[in-house]
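> Predicted model, plus sequence, below.
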Amino acid sequence: MIPASLEDVPVTNMTTSAPPGHMAQCVLSDGTQVWLNANSKLTYPSLFDDQRKVSLEGEAFFEVSSDKNHPFIVSTDKLEVKALGTKFSISDYKDDSFAVSLLEGSVFLYQEGKEESGLFLNPNEQLVESDGGYVKKIFIQNPVMWVNGVYAFNNSSMEYILSKLGLYYDVRIVVLNESLLKKTYTGKFRQTDGVREILRVMSRIYPFTIREDESSNTIYLQ
């Protein structure tokens, strides 16, 4: 898909990263727009050829420029995600469960080299890694509110929320009072609030103390 006028231009690998606690956005050579959630990285060629392929570490939202003749593929550690022109998000943080959520259009998911056993998602469906396999389900809450700088949790366990905060802000959160992990919480936070302010607000609902060890980048909750 390289225009004839650019055939002599060398194609190089590009990288866009979002540091902890921040987002990043980029526009690829085909016009596809990508938003990266905190602590994420996208690797892509400066110009696409017959196959539009990128690699993701972390979480991203894609608005894929339509081109039926050149599939758009996102490669992750877990699955390949193929689209033609659509809107979807992928979450593939290290040490976290894999998830793909489709907002518009359709996507096809498969393991590399096993495309014949892949599956399609329809709008408002997501594929989530669970117990060593994958489960397809309908999502109710918008899974990409973070694109607008909002982290939203709906009746989520404290264990789940703290694991996400640890990923987003690249900090180790240790819970000394294990009973906290079974609590559930519903709320929305601005990404710019930062992990310490988010924890402080949450401690008003289920009281706990917060202690930081900056030398080890660890936050202790008790």
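The structure has been received and is ready for your questions.
> Show me the domain layout of the chain.
Using automatic domain parsing, the domain parsing of the chain gives 4-138, 149-221.
> Make a markdown table from these and add mean neighbour count and mean pLDDT to it.
The C-beta positions use only the backbone N, C-alpha and C, and glycine is treated the same way. Formatted as a markdown table, the entries for the domains of the chain read as follows, by neighbours: other C-beta atoms under 10 Å; pLDDT from 0 to 100:
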| stretch | mean neighbour count | mean pLDDT |
| --- | --- | --- |
| domain 4-138 | 16 | 93 |
| domain 149-221 | 15 | 95 |
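> Send me stretch 151-169 as CSV with only the CA atoms.
Taking only C-alpha atoms (Å, rounded to 0.1, in the frame of the first residue of the first chain), the coordinates of stretch 151-169 have been written out as CSV:
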residue,chain,number,x,y,z
TYR,A,151,-11.1,5.5,34.7
ALA,A,152,-14.5,4.0,35.5
PHE,A,153,-15.3,1.0,37.8
ASN,A,154,-18.7,-0.5,38.2
ASN,A,155,-19.2,-2.8,41.1
SER,A,156,-15.6,-4.0,40.7
SER,A,157,-13.6,-5.8,43.3
MET,A,158,-10.9,-3.9,45.1
GLU,A,159,-8.5,-6.6,44.0
TYR,A,160,-9.4,-5.9,40.3
ILE,A,161,-9.2,-2.1,40.8
LEU,A,162,-5.9,-2.1,42.5
SER,A,163,-4.4,-4.4,39.9
LYS,A,164,-5.5,-1.9,37.2
LEU,A,165,-4.2,1.1,39.1
GLY,A,166,-0.9,-0.7,39.5
LEU,A,167,-0.7,-1.2,35.7
TYR,A,168,-1.8,2.3,34.8
TYR,A,169,0.6,4.1,37.1
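> Tell me how far the residue nearest in space to the middle of the chain lies from residue 185.
Among the residues of the chain, the smallest C-alpha distance to the mean C-alpha position (C-alpha atoms, centre = their mean) belongs to residue 59, namely 1.8 Å. Distance check for residue 59 against residue 185: by C-beta to C-beta, to the nearest Å, it reads 20 Å.
> before we move on, what about residue 125?
Per C-beta to C-beta, residue 125 is found 26 Å from residue 185.
> Grab the longest helix from the protein for me.
Ranked by residue count under DSSP state H, the longest helix found in the chain is helix 158-169.
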